[in-house]
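Peer 1: below: sequence and its predicted model.
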Amino acid sequence: MLGYQPEVVLAGRRINDSMGQQVAMRLVRAMIRKGLTIKGCRVLVLGLTFKENCPDLRNTRVVDIIGELEDLGIRVDVYDPLADAAEARHEYGLTLTEPEAGAYDGIMLSVAHDLFRDWGISTMLSFGTDEVVLFDLKGLFPSNAGFLRL
């Protein structure tokens with residue numbers, strides 16, 4: 001009403017809106033450094049919900065990361081045992097899948113569900129190839145574990 005433009009708030013929104021692309025590109029760059037061919041590779045995204053240990057899919061930004069990866073020709077599988085599969089399909093066009101052992105070039109831990117912590121590092125890495133890149137977005141595992149982190 002007063003004609004005031006809240007630039008700080010708008011700048012924050014622009015940063016939040018670009019995070020999906022930033023996160024996807026960090027994973028892709030790490031995969032390239034390992035010598036992986038990006039087009040046609042497979043990435044497992046662990047977690048789709050808005051926050052840990054909650055089935056709510058509203059306002060999840062994980063879909064932004066998935067979209068960016070798919071735009072690069074990456075095949076993305078999404079696993080979230082707390083998310084409703086029908087809702088994920090209806091709201092975002094995503095099919096939730098069970099992870100395959102030894103199948104993924106990249107693993108993105110995007111939601112810190114207790115289940116993922118309980119799995120531990122070895123179970124999580126069992127889904128990857130020998131050259132897998134794991135991106136721990138939520139800092140679920142210790143920083144000295146050697147994974148990408150924000």
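Peer 2: Sure, I can see it.
Peer 1: following the helix or strand hosting F135, which helix or strand comes up?
Peer 2: In the assignment (DSSP states H and E), F135 maps to strand 128-136. The C-terminal neighbour of strand 128-136 among helices and strands, as given by DSSP H and E, is strand 148-149.
Peer 1: helices along this structure, start to end?
Peer 2: For the chain, helices defined by DSSP state H occupy the ranges 7-33, 62-71, 85-92, 114-125.
Peer 1: and of the ones you listed, who's closest to R149?
Peer 2: helix 7-33 (9.6 Å; Cβ to Cβ). For the C-beta atoms, the positions are set from N, CA and C on the backbone; glycine is no exception.
Peer 1: quick one: low-confidence ranges for the protein?
Peer 2: 1, 8-18 (pLDDT under 70).
Peer 1: do that again at 90, thanks
Peer 2: 1-21, 141-150 (pLDDT under 90).
Peer 1: who's sitting farthest from the centroid in it?
Peer 2: L2 (40.3 Å; Cα atoms, centre = their mean).
Peer 1: any idea how far D84 is from that one?
Peer 2: 43 Å (Cβ to Cβ, to the nearest Å).
Peer 1: now swap in D130 and tell me
Peer 2: Where D84 is concerned, D130 sits at a distance of 34 Å (Cβ to Cβ).
Peer 1: for R75, same thing?
Peer 2: From R75 to D84 the distance is 23 Å (Cβ to Cβ).
Peer 1: cool, and E98?
Peer 2: E98 is 16 Å from D84, by Cβ to Cβ.
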